[in-house]
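S.K.: make a model of this:
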Amino acid sequence: MMSSGSLGAERADAVVVGAGHNGLVAANLLADAGWDVLVLEATGVPGGAVRSAEVTAPGYLSDLFSSFYPLGYASPVLRGLDLTRYGLAWRHAPDVLAHLFPDDRAAVLNRDPGVTAASLETFAPGDGERWLSAYEQWQQVADPMIELITTPFPPVRGGLDLLRRLRISGSLRLARRLVLPASRLGAELFSGAGGPALLAGCALHTDLSTEEAGSGVYGWLLAMLGQQVGWPVPEGGAQKITDALVARLTERGGRILYGARVDRILVARGRAMGVRTVGGTNWRARRAVLADVPAPALYLDLVGPAVLPPRLVADLEHFRWDGSTLKVDWALSASMPWTNRRLSTVGTVHLGADLNGLTGYAATLARGELPPDPFLLVGQMSVADPSHSPPGTESLWSYTHLPFRRHWRADDIVAHVERMETVLEAAAPGFRSLVVGRHVAGPAKLEEANPSMVGGALGGGTAAPYQQLFLRPVPGLGRADTPVDRLFLASSSAHPGGGVHGAPGANAARAALARDRALTGGWYQRAIATAHRAVYA
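M.R.: Residues are numbered from 1 along each chain as shown. I've put the predicted structure just below:
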C-alpha cells in the first residue's frame, strides 16, 4: 500500500535514487530518450565511488575510492555517452601493472605485448610466447566478452557471437576457463611464476581467493584488458568521470537534488509510484523509479518485505557481501624509493606475497582474521597522471581486503595500517620518511562517505559464481526488473556486478524504456511478471 501524503511536491518521468555512476548513467540514457529525470542523492556530492579530493596534503589529489578504469575505458556503455565532450581525458602510466615478489623480482605488464612477454620470459623459458598466445586467444573473444559483461541477461547477441567465432568445441573450452580458479588457470597457461602472479593478483581485486571457482576469469579479464587497452586513469582524477556524467545530464535537462535521502519506495497496486525522502516529502514518478542502491537496502529497507514475494525476502538472508576494505592515501615528498627500480614507471603494483602467500592471505580472510602480512594493491597516481601532485612528488594509495564486518575497532584499523606500511617500507626503504600527509579510510569511513559501500564492501555483493548472472543479487531473472512494476535495480548489486563500466545503470534504463513502450510495454510487463511468479513461487 502506498504511504499517505501528497505526491504533488515534485514530479518527474523517472526518479533515480542515488547519484553514483550507475545512477548517473541510467539518468543520462533516460534523458537521451526525452524523459524528465530527477536524481535524488543522499549525500552532498555526486559520484558514489568515483570521486576525488585533496585529503592528504595541499596540492595532492587523491581518488577517494576507485582509480584505474580498464573496464570503464573499454565499456561500450561509457563510450556511447561520449564523455570526452564533457572534459573526460584518459592518461596511462608507462607500465600498466607489476607484481612484486618477496625476492624483489617483478612481473611487469606493459601495453606493448612484447615488453610483457620479455618480462615473463625471465621467470621461465617459453612463458613469453605463452603470454602472447594467451593474448591472441583473448583478442578472438574480446568484443563479445565485453558485450556479455555490459548487456542485460541473457546476453543473446554476445553469446551467439562467441559461438560463431569459437564453434561448439571452443565455446566449451571457454566455459571451462570461466569457472577455473585463478591458481589453476595460471598453472595451465604458464610454467614459471610471473604469469600466474599477474593473473592471481588481478583476481584479488575481487573478494575471491585464488583457489575459488570463477576467480580465474576475473584475473584473466583484468590482465588481458591491461594488455589490450591498459589501466587508464582520468586526467585530473576520478572525479572527472562524475563531472562529465553530471554535465551531460544537466545539459539534457536532468536534475540532481543533494541531501535528499530516500527512505521509502511508494508502491500502489504492485506498481512503483514514486519515493519518499527523509522529512516526509513525496516525489511522484510518472514512468519509473530506478535505484542505484544495494539490493538488501532496496528490498528490505526502501520497499519493505510486505509487498515482495516471501521467497525473495527469504533469499536475501543468503545474500553475501564482498569483503570489507581498508584504503590509505599518502602524500609523498618524492617518488617511491623502490628497491626494484623497474616499479618506478608502473601505475599499479601488487605486492606482499608470492603465489603461496596469496593463497595463505585469502585463507586467513576466509577464517575472519586479519592477515599478519597483507597483500597490497598500490596505485602510483602521479606516475599515471602527474597532475595528482607537485612535480617530483607522488600521490600514492593502497588498499587491502579485510573480512566483512559492519563494525571494526579503531585499534584494529590502526594496527593494520601499520602492517600495510611495513610491507611498503620493506619494498621501498625510506618510504615512511617521505610521507608528508596521510588519509586513512577504514570500512566505517568508506560507508559514511558512500552509504552504498556497506561495511566498506566495494562490489555491491560477492563476485562468487553463486551470486552472478541469474543468481545476482538472488536467484531470479538476472535483470534490472524487480517484482514491483516500474521499479528497477540499477546498482552493482545487479548483473553484471561491480566495476566502473555503467552496465547496471544502462541495463536498468533499457528495462525502464522497454516497460514504457506504447505498443509493447504491456506485453513486456506481463512477461516479466509471469517470469517472476515462476521464480518466486
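
S.K.: what helix or strand is Ala426 on?
M.R.: helix 410-427 (DSSP states H and E).

S.K.: for the helix or strand bottoming out on mean pLDDT in the chain, name the packing helices and strands.
M.R.: None of the helices or strands of the chain scores lower by mean pLDDT, DSSP states H and E than helix 156-179, at a mean of 83. Identification of packing neighbours for helix 156-179 by 3 or more C-beta pairs under 8 Å, 6 or more residues apart in numbering; DSSP states H and E yields helix 127-150, helix 215-229. Just so you know, the C-beta spots here come from the backbone N, C-alpha and C atoms, and that holds for glycine as well.

S.K.: dump these to TSV, plus distance to Arg479 and mean pLDDT.
M.R.: Output for those, formatted as TSV (distance: least, C-beta to C-beta, whole Å; pLDDT from 0 to 100):
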stretch	distance to Arg479	mean pLDDT
helix 127-150	14	93
helix 215-229	21	96
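
S.K.: most tightly packed of these?
M.R.: helix 215-229 (a mean of 24; mean count of other C-beta atoms under 10 Å).

S.K.: so how far is that one off the chain centroid?
M.R.: With C-alpha atoms, centre = their mean, to the nearest Å as the basis, helix 215-229 stands 14 Å off its chain's centre.

S.K.: export it as PDB, just CAs?
M.R.: Extracted in PDB, the C-alpha atoms of helix 215-229 (Å, rounded to 0.1, in the frame of the first residue of the first chain):
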ATOM      1  CA  SER A 215      38.300 -16.300  -9.700                       C
ATOM      2  CA  GLY A 216      40.300 -17.100 -12.800                       C
ATOM      3  CA  VAL A 217      38.000 -15.200 -15.200                       C
ATOM      4  CA  TYR A 218      38.500 -12.000 -13.200                       C
ATOM      5  CA  GLY A 219      42.200 -12.300 -13.300                       C
ATOM      6  CA  TRP A 220      42.200 -13.200 -17.000                       C
ATOM      7  CA  LEU A 221      39.800 -10.300 -17.800                       C
ATOM      8  CA  LEU A 222      41.700  -7.600 -16.000                       C
ATOM      9  CA  ALA A 223      45.100  -8.800 -17.200                       C
ATOM     10  CA  MET A 224      44.000  -9.100 -20.800                       C
ATOM     11  CA  LEU A 225      42.300  -5.700 -20.700                       C
ATOM     12  CA  GLY A 226      45.500  -4.300 -19.300                       C
ATOM     13  CA  GLN A 227      47.400  -5.700 -22.300                       C
ATOM     14  CA  GLN A 228      44.700  -4.500 -24.800                       C
ATOM     15  CA  VAL A 229      43.800  -1.100 -23.500                       C
END
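
S.K.: from the contact counts, what lies against that helix?
M.R.: Under the contact rule (3+ C-beta pairs under 8 Å, 6+ apart), helix 215-229 is packed against helix 70-74, strand 95-100, strand 106-109, helix 127-150, helix 156-179, helix 182-189, helix 194-203.

S.K.: what pLDDT does Ser3 get?
M.R.: On pLDDT, Ser3 comes in at 37.

S.K.: equivalent analysis for Ala182, please.
M.R.: So Ala182 comes in at 94 (pLDDT).

S.K.: from Glu136, how far off is it?
M.R.: Ala182 is 20 Å from Glu136, where distance means C-beta to C-beta, to the nearest Å.

S.K.: repeat that for Ala57.
M.R.: 45 Å.

S.K.: just to revisit the earlier point, for the helix holding Ala426, which positions count as buried?
M.R.: 413, 416-417, 419-421, 423-424, 427 (16 or more other C-beta atoms under 10 Å).

S.K.: now swap in stretch 300-313 and tell me
M.R.: Applying 16+ other C-beta under 10 Å to stretch 300-313 flags 300, 302-303, 307-309, 312-313 as buried.

S.K.: please point out which parts of stretch 32-48 sit buried.
M.R.: 32-33, 35-43, 45-48.

S.K.: for stretch 423-440, same thing?
M.R.: 423-424, 427-428, 431, 434-435, 437, 439-440.

S.K.: from these, pick the one nearest Trp338.
M.R.: Comparing those against Trp338 with C-beta to C-beta places Ala428 closest, at 4.8 Å.

S.K.: now do the contacts for that closest one.
M.R.: Residues counted as contacts of Ala428 (C-beta atoms under 8 Å, 6 or more residues apart in numbering) are 336-339.

S.K.: for Pro372, see how far away it is.
M.R.: 20 Å.

S.K.: again with Ala410
M.R.: 19 Å.

S.K.: with Val484 instead?
M.R.: Distance from Val484 to Pro372, by C-beta to C-beta: 47 Å.

S.K.: tell me which residues in the host helix or strand of Arg526 are buried?
M.R.: Take DSSP H and E as the rule and Arg526 turns out to sit in helix 521-535. By 16+ other C-beta under 10 Å, the buried positions in helix 521-535 come out as 524-525, 528, 532, 535.

S.K.: show me where this protein dips below the pLDDT cut-off.
M.R.: 1-9 (pLDDT under 70).

S.K.: quick check: longest strand of it.
M.R.: Taking DSSP state E as the criterion, the chain has its longest strand at strand 281-291.

S.K.: starting from that strand, tell me which strands it pairs with and how they run.
M.R.: strand 10-17 (parallel), strand 271-277 (antiparallel), strand 487-489 (parallel) (DSSP bridges).

S.K.: moving C-terminal from it, which element do we reach first?
M.R.: helix 295-296.

S.K.: what does that next one rub up against?
M.R.: 316, 319, 454, 460-461, 473-474, 489, 491, 493-494.

S.K.: hmm, back to that, as JSON lines, the helices and strands packed on helix 156-179 with distance to Ala449 would be great.
M.R.: Listed next are the helices and strands packed on helix 156-179 as JSON lines, based on distance: least, C-beta to C-beta, whole Å:
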{"stretch": "helix 127-150", "distance to Ala449": "27"}
{"stretch": "helix 215-229", "distance to Ala449": "25"}
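
S.K.: mind checking which of these is nearest Arg276?
M.R.: helix 127-150 (32.4 Å).
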